[in-house]
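Enquirer: Compute the structure for the input listed below.
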Amino acid sequence: MNDLAPLLTPEGRALLDTVRDTAPADELAVATRLRREHPADLVSAALGQARLRQRAVVKFGAEDAGRMFFTPNGVEQSTRASVATYRAQRLRELGVTSVADLCSGIGGDAIALARAGIQVLAVDHDPLTAAAARANADALGLADLIEVREADVTDVDTSPYDAVFVDPARRSSKRGRIFDPEAYSPPLSWAIDTALKAPHAALKIAPGIPHETVPTEAEAEWISDGGDVKEAVLWFGTAPGAVRATLLPGPRTLLGRGLPDPEVRPVGRYLYEPDGAVIRAHLVAEVAEDLEGGLIDATIAYITADEPHVTPYATAYEITDQLPFNVKKLKALLREREVGILTVKKRGSAVEPEELRRKVLPKPYGSRSATVFLTRVAGAPTMLVGAPV
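Expert: The predicted structure is shown next:
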């Protein structure tokens, strides 16, 4: 699919409605039938777009995804709508009324910004991607708030805008995922220079970015959605040097307090598994202090405490057993406890959870459930058995 224009015609839109719910197994039969009355290329494009829309539901929801237009890269690289909405709301709360959205892709972030009442210039250098962004603004009734421009982002004058948002490409068709920020397109250094010239800015970056590469002028935020870490954002014009972890839905935000690493202590009755955004933001110490707990190992992000505490920033488990790593002993324990449903988690262990599950639970021993943590306690390979609180 190299041109969206045929899909935007009345015939193309009618075809999109016809193939909306086509299952992959039925595509050949549907295509054969429709090609009797429509051009083959148009039928293929409609079926391809329907497939992309189905994939996009997880990010955009069924209602929006069913009206939007996508490219394969656009579906893969677009920001999840819940994350884009949160980020747009932060900009709105900062008083931002206009944003230059650079590397806008198919317009996912521009849509969230426009729905927050912000005027958006969406810029992308790829003609098909820019066309998809323009079609999406129109399809969702946001064309009056979103101007789409096909251009090199480095040539755009951002001075008329209250804020700049940059989402540099972090994938390459030849190399796949890019880990070096200076290999982003455009490079992170260019994005930072651009951000520093604006009253406010937000730069979307990979959550694995080393903390030492965060500029002193920026606030760094790690965001998770439903427990999965989605991105990190460098904010400019907010709180330089601040670090935060934000959990969606909510949002719930944990601010760094500059605490030293927690002390290592014996495993207590409760084990807490911090959210991935907390771990990426290096804010485990803040959660440990709030839980009145410590670490089970200096290199492992599991917190232990003697009393139960309620926190949105970690999942709590009650620990019933602590064993040195031993498959036979674990298998016997699970049989004794009549366990039929087993969840295996690991941190600091080379053992694969599925492999261990097959060995210790070849068949259900009963109807009870248990969670096993493969980890280290004070440096020693250990198995902790328990259940969610």
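
Enquirer: Name the residues of the helix or strand containing Leu16 that are buried.
Expert: Using DSSP states H and E, the element containing Leu16 is helix 10-19. Of the residues in helix 10-19, 12, 15-16, 18-19 count as buried by neighbour count, 16 or more other Cβ atoms under 10 Å. In short, each C-beta sits where N, CA and C put it, glycine included.

Enquirer: Could you do stretch 183-190 as well?
Expert: By neighbour count on 16+ other Cβ under 10 Å, the buried set for stretch 183-190 is 184, 186, 188, 190.

Enquirer: ok, so of these, who is nearest Asp290?
Expert: Asp290 lies nearest to Leu188 out of those, by Cβ to Cβ, at 32.6 Å.

Enquirer: okay but the closest one is in contact with Arg170, surely?
Expert: No. Look at Leu188 against Arg170 with Cβ atoms under 8 Å: they stay out of range, at 9.8 Å.

Enquirer: any shared contact partners between those two?
Expert: Shared contacts of Leu188 and Arg170 (Cβ atoms under 8 Å, 6 or more residues apart in numbering): Ile205.

Enquirer: Next, name the residue at the spatial heart of the chain.
Expert: Lys230 (1.9 Å; Cα atoms, centre = their mean).

Enquirer: in the one helix or strand that one maps to, what counts as buried?
Expert: Per DSSP H and E, Lys230 falls inside strand 228-236. For strand 228-236, burial by neighbour count (16+ other Cβ under 10 Å) applies to 229-236.

Enquirer: Could you do stretch 331-342 as well?
Expert: 331, 333-334, 337, 339, 342.

Enquirer: Equivalent analysis for stretch 283-295, please.
Expert: Going by 16+ other Cβ under 10 Å, stretch 283-295 has these buried residues: 283-288, 290-291, 293-295.

Enquirer: again, but for stretch 269-277
Expert: 270-277.

Enquirer: How many residues are close by the closest residue to Ala132 other than its chain neighbours?
Expert: Counting by Cβ to Cβ, 6 or more residues apart in numbering, Ala132 lies nearest to Ile106, which is 4.3 Å off, once chain neighbours are set aside. Ile106: 31 surrounding residues under other Cβ atoms under 10 Å.

Enquirer: Just the ones in helices from the buried residues of stretch 331-342, please.
Expert: Those of the buried residues of stretch 331-342 mapping onto helices are 331, 333-334, per DSSP state H.

Enquirer: Run through the helices of the stretch 1-150 of the chain in chain order.
Expert: 10-19, 27-34, 40-65, 72-77, 81-93, 108-115, 127-139 (DSSP state H, counting those that start in this stretch).

Enquirer: what's the distance between Arg337 and Tyr365?
Expert: Computed as Cβ to Cβ, to the nearest Å, the Arg337 to Tyr365 distance reads 8 Å.

Enquirer: That should have said Thr375, apologies.
Expert: 23 Å.
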